[in-house]
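S.K.: Prediction below, plus the sequence it came from.
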Amino acid sequence: MRIHVTSVFVDDQDKALDFYTEKLGFVKKAEVPLGDYRWLTVVSPETPDGTELLLEPDAHPAAKAYASALVADGIPATSFAVDDVRAEYERLRALGVRFTQEPTESGPITTAVLDDTCGNLIQIVQLP
């Protein structure tokens with residue numbers, strides 16, 4: 001068994017696709033029309049056949065409440081691994097990405113938290 005798709009709730013799929021591809025560097029994997037929304041996924045260009053991230057509309061009232069509660073408490077919706085948190089932090093800040101937590105060492109790992117502009121906080125992490 002392995003993880004095939006995971007998701008983040010987003011308030012605007014077009015805005016999310018732009019952010020996750022143009023800022024974070026993911027690539028679009030799937031786009032399937034589904035009524036008012038789309039099955040819209042992105043993947044890492046390093047593993048194009050790897051785990052997909054579904055940019056899922058937050059149309060359900062529970063999704064909005066859940067995402068808002070996480071943001072209010074400063075809890076990231078998900079975490080992405082990077083080779084160098086400090087370098088990625090600088091690259092993303094230069095692109096205008098807003099961080100809620102600067103690079104912080106926690107034992108053997110370094111993390112930072114960014115605002116994806118679509119209703120989520122996202123953690124980037126550098127593992128040993």
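M.R.: All right, it came through fine.

S.K.: Would you list the strands that the strand or helix carrying Ile122 pairs with, along with their directions?
M.R.: The secondary structure element spanning Ile122 is strand 121-126 (assigned by DSSP states H and E). The partner list of strand 121-126 in its sheet, established with DSSP bridges, is strand 78-81 (parallel), strand 109-115 (antiparallel).

S.K.: Nearest to Leu121, out of these?
M.R.: Checking the strands paired with strand 121-126 against Leu121 by Cβ to Cβ gives strand 109-115 as the closest, at 5.3 Å. Where C-beta positions appear, they are placed from N, C-alpha and C, glycine not excepted.

S.K.: for the closest one, which positions count as buried?
M.R.: Across strand 109-115, burial judged by 16 or more other Cβ atoms under 10 Å covers Thr110, Thr111, Ala112, Val113, Leu114.

S.K.: circling back: tell me the average confidence for the strand holding Ile122?
M.R.: Across strand 121-126, pLDDT averages out at 98.

S.K.: So which residues of the chain form strands?
M.R.: Secondary structure of the chain (DSSP state E): strands at 5-10, 27-34, 37-43, 52-57, 78-81, 99-106, 109-115, 121-126.
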